[in-house]
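> Pasting the sequence and the predicted coordinates here, then a few questions.
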Amino acid sequence: MRYRTEAQLSAVVGKLPPGARVVSSGNFATPFHTLGIIDKSLETYRLNLLNAQPGIPDRDGVEYETSFVGPGMRRSPRLNYIPARLSLLPLLYASTLPPDVVVVTTSVPHDGQVSLGTEVNVLPAALEAVRRRGGLVIAETNPHVPYTYGDGLIATDLIDYAIDAAAPLTSPTPPPADETSRQIGEQVAARIADGSTLQLGIGAIPDAALRGLTGRHGLRIWSEMISDGVLALERRGSLDASEPVTASFLFGTDELYRWADHNPRLQMLRTETTNDPSNIRAHDLMVSVNSALQVDFYGQVNASRIKGRVYSGFGGQPDFMVGAMHSRGGQAIIALASWHPKAQCSTIVPMVEEPVTSFQPTAVVTEQGVAELFGRPERDQVAQLIDRAGHPRVRDELWEEAVALRLS
C-alpha cells in the first residue's frame with residue numbers, strides 16, 4: 001500500500017478507460033474525498049455503490065449503478081437499477097459488473113492490515129473480482145473508522161494506493177419517535193421469545209421493537225446490518241454473551257462506532273455469509289423483521305417501488321424472509337403503519353401493482369394489530385389483514401374488494 005498525494009492519485013486514475021466501473025463503499029462509509037479526486041480525473045465513468053448518500057459526484061458523464069437505491073441516486077435520470085437480492089449481488093462483480101477500480105473506506109493500518117470497519121457488505125467480493133482483472137484497489141484510510149474483525153480485514157500489500165482523509169463518519173438522522181411506531185414495535189417485541197436470533201433493519205419501528213426487548217435474555221444477532229438499538233440490548237445484558245454480534249454493515253452514532261472499534265464481540269462478515277438463507281435458517285427461533293410499502297391480500301409484499309419508480313430495491317428482505325421461515329421456530333414479520341399519511345392511502349391493498357419484493361410472511365404487524373398469515377387458508381388471511389391490520393377507515397372498501405376477488 002503506497003500513500004499518494006491528490007495529484008499523484010489523479011494521475012494514476014486518469015489512465016483508466018472511458019466508462020470505467022468504479023465500485024465504492026456505500027451507506028455511511030462512502031469515501032467522498034477519493035471519489036472527488038476520481039470525478040475530477042475522469043470525464044466519464046460508472047459509479048457503483050449501495051445506498052448512496054447525498055454528496056457523491058453528480059454530473060453528466062457519471063452513470064450510476066446500484067442494486068439498492070439510496071437518496072444520493074434515487075431521482076437521478078442517470079440511474080441504472082440492477083435488481084438483485086443482496087446475497088447474490090457479489091456474484092455479479094465476477095460476471096456482468098466487473099470492476100475496474102474498487103475504492104474502500106478503511107481504518108488506519110494495524111499490524112499490516114486495514115479494516116473495512118463499518119461497511120464490509122459486498123466489498124470483499126468486489127475486491128477479489130478487481131484483483132483477478134488486474135484493476136486498481138484504492139483505500140481512503142481514516143482514523144475515525146473503527147477497526148472491526150471478520151471478513152473486512154485486508155492485508156496492506158493487497159491495496160495499490162492509499163490516501164488519508166481524517167473525516168468523522170457520517171450518521172443517519174435518527175427517526176422521530178412516534179406513537180404509531182411505538183405501538184407496532186411493542187407488538188413485534190411481544191412475539192420475540194428469550195433465546196431468539198434477530199434481524200432488524202433501521203428506522204422508527206425496528207428501534208421501537210428493540211426497546212421492547214430489554215427484559216429478554218439470551219438474544220442473538222445475525223443480521224445484514226445493525227445500529228444503536230443492538231448496542232442498547234448489549235449494554236442491558238439482553239444478548240447472549242457467548243455468541244458474537246454478527247452483521248455485514250453498521251451505521252449509527254459515534255457511540256456505536258467507538259463500541260465497534262477493536263471489539264471481539266462484533267463479527268463483521270461478507271454478505272454471501274450473512275444473507276445466505278441456509279445460514280439464516282441454521283439459527284433456531286430466527287426472527288426477521290422488515291418493513292414494506294404495501295402488503296396485499298395474497299401476502300405479496302412491495303418494499304421497493306412507488307408508482308413504477310424504484311425507491312430502494314430488494315436488499316436483504318427476500319434472503320431473510322426465506323431463511324427465517326425455514327428456521328425451527330422462526331418468524332418472518334412485515335411491520336408497517338396501516339396508513340400512508342403523505343399519500344393518504346392504505347398500506348393493506350387488494351393486490352400490489354408494483355413488482356413484488358417478497359411474499360408469504362409469517363405475520364403482518366401494524367399499529368392496528370397482528371395479522372397471522374402463514375398456514376391459514378387464503379380467505380382467513382384476507383380477514384386477518386383487513387380486520388386486524390387494516391386501517392378502520394378503509395376496511396369496508398377492502399371487504400368490497402375481497403368480495404370482488406372471490407376472497408370472501
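Structure's in. What do you need?

> what about the nearest residue to Pro54 once chain neighbours are set aside, helix or strand, and which?
Closest residue in space to Pro54, ignoring its immediate chain neighbours: Gly72 at 4.9 Å, by CB to CB, 6 or more residues apart in numbering. Glycine gets a C-beta too; all of them are placed from N, C-alpha and C. For Gly72, there is no helix or strand it lies in under DSSP states H and E.

> can I assume Gly72 is in contact with Leu47?
No. Counting by CB atoms under 8 Å, Gly72 sits too far from Leu47 to count as a contact (9.8 Å).

> shared neighbours of the two, anything?
Ile56 (CB atoms under 8 Å, 6 or more residues apart in numbering).

> that older thread, what distance do you get for the residue nearest to Pro54 to Arg305?
18 Å (CB to CB, to the nearest Å).

> Walk me through the domains of this structure.
For the chain, automatic domain parsing gives the domain ranges 2-164, 179-404.

> just how off-centre is the last one within its chain?
What that stands for is domain 179-404. 12 Å (CA atoms, centre = their mean, to the nearest Å).

> Rounded mean pLDDT for that domain, please.
In this model, domain 179-404 carries a mean pLDDT of 95.

> Kindly reformat the domains of the chain as TSV containing distance to Ser171.
Formatted as TSV, the domains of the chain follow (distance: least, CB to CB, whole Å):
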stretch	distance to Ser171
domain 2-164	6
domain 179-404	6
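
> counting residues per helix, which one in the chain is longest?
The single longest helix within the chain, with elements called by DSSP state H, is helix 179-190.

> which parts of that one are buried?
Judged by neighbour count (16 or more other CB atoms under 10 Å), helix 179-190 contains these buried residues: Thr180, Ser181, Arg182, Gln183, Ile184, Gly185, Gln187, Val188, Ala189.

> got the residues you listed as a markdown table, with distance to Asn80 columns?
Shown next, in a markdown table, are those (distance: CB to CB, whole Å):
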| residue | distance to Asn80 |
| --- | --- |
| Thr180 | 35 |
| Ser181 | 33 |
| Arg182 | 39 |
| Gln183 | 39 |
| Ile184 | 34 |
| Gly185 | 36 |
| Gln187 | 39 |
| Val188 | 35 |
| Ala189 | 39 |
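
> Please confirm that Glu65 is located within a strand.
Yes. Judged by DSSP: H, G, I helix; E, B strand; the rest coil, Glu65 forms part of a strand.

> got a pLDDT number for the nearest residue to it once chain neighbours are set aside?
The shortest distance from Glu65 to any non-neighbouring residue, by CB to CB, 6+ apart, is to Asn48 (4.2 Å). Model confidence at Asn48, given as pLDDT, is 98.

> give me every residue that touches Asn48.
With CB under 8 Å, 6+ apart, Asn48 has these contacts: Arg21, Val22, Val23, Ser24, Tyr64, Glu65, Thr66, Leu97, Pro99.

> What is the most widely separated pair among those?
Tyr64 and Pro99 (14.7 Å; CB to CB).

> So which of those two has more stuff around it?
Pro99 (25 against 22; other CB atoms under 10 Å).

> show me what contacts the more buried one?
Arg21, Val22, Val23, Asn48, Tyr93, Ala126, Ala129, Val130, Arg133, Gly135.

> hmm, try it at 10 Å
20-24, 46, 48, 93, 125-127, 129-131, 133, 135-137 (CB atoms under 10 Å, 6 or more residues apart in numbering).

> Would you show me how to pick out the buried ones of the residues you listed in PyMOL?
A single PyMOL command selects the buried members of these (16+ other CB under 10 Å):
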select buried, resi 20+21+22+23+24+46+48+93+125+126+127+129+130+135+136+137
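
> Gly72 and Leu47: who's more crowded?
Leu47 (25 against 21).

> So that one is in contact with Tyr64, correct?
Yes. Leu47 lies in contact with Tyr64 (CB atoms under 10 Å); the separation is 5.7 Å.

> Spell out which residues are contacts of both of the two.
Common neighbours of Leu47 and Tyr64 (criterion: CB under 10 Å, 6+ apart): Ile56, Pro57, Asp58, Gly72, Met73, Arg78.

> So the nearest residue to the first one once chain neighbours are set aside versus Val13, what's the distance?
If you skip the residues right next to it in sequence, Ile56 has Gly72 as its closest partner in space, 4.8 Å away by CB to CB, 6+ apart. Taken as CB to CB, the spacing of Gly72 relative to Val13 amounts to 21 Å.
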